[in-house]
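Engineer: Any chance you could fold what I've pasted below:
(2 chains)
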2 protein chains.
Amino acid sequence: MGIYEKQVPDVVIKRLPRYYRYLSELLKMDIKRISSGALSQKMNVTASQIRQDFNYFGGFGQQGYGYNVEYLHSTIGEILGVKNGNTAIIIGAGNLGRALANHDSIGKRGFTILAMFDNNPSIIGEEVNSTKIYDVEELESFISENRVDVAIIAIPKNHVQEVATRVINAGVKGILNFAYTEIKTDKKVAIENVHITDSLMTLSYKLNLERTEY
Amino acid sequence: MGIYEKQVPDVVIKRLPRYYRYLSELLKMDIKRISSGALSQKMNVTASQIRQDFNYFGGFGQQGYGYNVEYLHSTIGEILGVKNGNTAIIIGAGNLGRALANHDSIGKRGFTILAMFDNNPSIIGEEVNSTKIYDVEELESFISENRVDVAIIAIPKNHVQEVATRVINAGVKGILNFAYTEIKTDKKVAIENVHITDSLMTLSYKLNLERTEY
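Structural biologist: The predicted structure is shown next:
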């Protein structure tokens, strides 16, 4: 394809979902073209940064006319694998797990949630947004019988490593971890950690700055 | 203080919570000093990037000996305003709001959650992790009677702008928004958007890369 020739830095990869999200909004507003300048204002990234980012994937378009929104959206979607039909399970059917199961943006980003797992007998068998909660004891058998690409882990941190090791051994290729703990493995598996309160700290920084400014 | 002399780029600010988090872990492990090299390996950032980041705040220490973990932790904590005693309310007592109310890392990062708000009469008056759920109609009166620094918004996106405008008018200084919609305001207020599924897209990208590699 040529698209993956260069090693793309992590910071650039992490901006792709934002581009994709914003382009989805432009599409909804029926906007056909956008300049890197306009895109940059919206995204709070410099225009040259955007051009630099896009150059990793071949550039994406004529600068004088701006970018074709539909083309850019579908190409970035392709790079992100939105149409790959990824599958996921959610481990932990507490508030966070349920919030995720109810989160329609997971489906919009090409993921199908196959099942949820919990160790609380009183909720096993329940359904959340049409997704059934299974006993966590069934993790391995479920993964061996279904193609599970990603395990979304939303359980207390003291159990995260154990559960992560189990799903990795069972063949899951990616993990989305919501606990504030680092997952260790010597297997080749993609791990992303979501730190929900990091943005709260950024806010705290900005409030602090305000207070010290006058 | 001198600490805030330079305009610190957003990307650097966004890395501070990660440094803070990681340094908290080192402290727990009773590690006294760390080199920028070791820090860099753990954080997946180059050592020169770390030095560059820290230079915005005066450097933080002797390179030959590495950084003093306790000093670095407390200074970054100070920059992030961890000890300012920030206050927050959570708007939306659904699964996500409840997950946040139960999230002990919010407290660890210096925030006290004063109240939750919802429009569902059947849950008003309930408590989540000792935080009471109020009728959303009481938003303005609550904010006028209590110092509320930050409103954490965890409601469906079609109501986000309206509620955001209300809390901003009532005097809140920061908003943490979990909905996939942009909040518009002409007031000076710090807004951070948390996009829970962006990391899922990064995972998707990595899985896609794997598939196309062989």
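
Engineer: C-alpha only now, for contacts and for neighbours.
Structural biologist: Will do.

Engineer: quick check, the helix or strand encompassing residue A:20 touching chain B?
Structural biologist: With elements taken from DSSP states H and E, the one containing residue A:20 is helix A:10-28. Yes: Helix A:10-28 lies within reach of chain B by CA under 8 Å from any CA of the partner chain, at A:13, A:14, A:16, A:17, A:18.

Engineer: contacting residues around that helix?
Structural biologist: A:32, A:43, A:53, A:69-70, A:72-73, A:76-77, A:80, B:198-199, B:201-202, B:205 (CA atoms under 8 Å, 6 or more residues apart in numbering or on different chains).

Engineer: in chain A, which spans are helices?
Structural biologist: Ranges of helices within chain A are A:10-28, A:36-43, A:47-55, A:69-79, A:95-101, A:104-108, A:139-145, A:160-170, A:198-213, based on DSSP state H.

Engineer: Using JSON lines, please lay out these together with mean pLDDT and mean neighbour count.
Structural biologist: As requested, those are exported to JSON lines (pLDDT from 0 to 100; neighbours: other CA atoms under 10 Å in any protein chain shown):
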{"stretch": "helix A:10-28", "mean pLDDT": "88", "mean neighbour count": "17"}
{"stretch": "helix A:36-43", "mean pLDDT": "84", "mean neighbour count": "16"}
{"stretch": "helix A:47-55", "mean pLDDT": "87", "mean neighbour count": "16"}
{"stretch": "helix A:69-79", "mean pLDDT": "91", "mean neighbour count": "19"}
{"stretch": "helix A:95-101", "mean pLDDT": "95", "mean neighbour count": "22"}
{"stretch": "helix A:104-108", "mean pLDDT": "85", "mean neighbour count": "15"}
{"stretch": "helix A:139-145", "mean pLDDT": "97", "mean neighbour count": "15"}
{"stretch": "helix A:160-170", "mean pLDDT": "97", "mean neighbour count": "17"}
{"stretch": "helix A:198-213", "mean pLDDT": "85", "mean neighbour count": "19"}
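
Engineer: For the ones you listed, give me TSV that also has distance to residue A:153.
Structural biologist: Formatted as TSV, the helices of chain A follow (distance: least, CA to CA, whole Å):
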stretch	distance to residue A:153
helix A:10-28	20
helix A:36-43	29
helix A:47-55	30
helix A:69-79	24
helix A:95-101	8
helix A:104-108	14
helix A:139-145	12
helix A:160-170	7
helix A:198-213	18
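
Engineer: Any idea which of the ones you listed gets closest to residue B:165?
Structural biologist: Between residue B:165 and the helices of chain A, the shortest gap by CA to CA is with helix A:198-213, which sits at 17.6 Å.

Engineer: between that closest one and helix B:10-28, how many degrees?
Structural biologist: Relative orientation of helix A:198-213 versus helix B:10-28 (axes from the mean of the first three to the mean of the last three CA atoms, to 10 degrees): 110 degrees.

Engineer: packing partners for helix A:198-213?
Structural biologist: helix B:10-28, strand B:174-177, strand B:190-193 (3 or more CA pairs under 8 Å, 6 or more residues apart in numbering or on different chains; DSSP states H and E).

Engineer: again, only this time at 7 Å
Structural biologist: Applying 3 or more CA pairs under 7 Å, 6 or more residues apart in numbering or on different chains; DSSP states H and E, one finds that helix A:198-213 contacts helix B:10-28, strand B:190-193.

Engineer: got the angle for it vs helix B:69-79?
Structural biologist: Using the same axes, to 10 degrees, helix A:198-213 lies at 70 degrees relative to helix B:69-79.

Engineer: ok, longest strand in chain A?
Structural biologist: Ordering each strand of chain A by length in residues (DSSP state E) puts strand A:111-118 first.

Engineer: and that strand, C-alpha only, in CSV?
Structural biologist: Extracted C-alpha coordinates of strand A:111-118, given in CSV (Å, rounded to 0.1, in the frame of the first residue of the first chain):
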residue,chain,number,x,y,z
PHE,A,111,-15.8,-2.1,17.2
THR,A,112,-18.4,-4.7,18.0
ILE,A,113,-18.7,-5.6,21.7
LEU,A,114,-19.2,-9.3,21.9
ALA,A,115,-19.5,-9.8,25.6
MET,A,116,-18.9,-8.5,29.1
PHE,A,117,-17.3,-10.4,32.0
ASP,A,118,-17.6,-10.0,35.7
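
Engineer: Now do it: everything it contacts.
Structural biologist: A:85-93, A:124, A:131-136 (CA atoms under 7 Å, 6 or more residues apart in numbering or on different chains).

Engineer: Name the nearest of those relative to chain B.
Structural biologist: Ranked by distance to chain B (CA to the nearest CA), those are led by residue A:86 at 7.5 Å.

Engineer: what's around the closest residue to that closest one other than its chain neighbours, how many residues?
Structural biologist: Closest residue in space to residue A:86, ignoring its immediate chain neighbours: residue A:111 at 4.8 Å, by CA to CA, 6 or more residues apart in numbering or on different chains. Applying other CA atoms under 10 Å in any protein chain shown, we find 24 residues neighbouring residue A:111.

Engineer: Repeat that for the one 4 residues further on.
Structural biologist: Counted with other CA under 10 Å, the neighbours of residue A:115 add up to 22.

Engineer: ok, it to residue A:143 distance?
Structural biologist: To residue A:143, residue A:115 is 10 Å away according to CA to CA, to the nearest Å.

Engineer: ditto for residue A:8
Structural biologist: From residue A:8 to residue A:143 the distance is 31 Å (CA to CA).

Engineer: pLDDT score assigned to residue A:110?
Structural biologist: Reported pLDDT at residue A:110 in the predicted model: 88.

Engineer: Likewise for the one 3 residues further on?
Structural biologist: Predicted confidence (pLDDT) at residue A:113: the value is 96.

Engineer: got it, and residue A:63?
Structural biologist: 61.

Engineer: same question, residue A:86
Structural biologist: For residue A:86, pLDDT reads 93.

Engineer: wait, it sits on residue A:110?
Structural biologist: Yes: counting by CA atoms under 7 Å, residue A:110 is a contact partner of residue A:86 at 6.2 Å.

Engineer: Point out the residues in chain A that sit beside chain B.
Structural biologist: Taking CA under 7 Å from any CA of the partner chain as the contact definition, chain A meets chain B at A:13-14, A:17, A:79-81, A:95-96, A:98-99, A:106, A:174, A:176, A:190, A:192, A:194, A:197-206, A:208.
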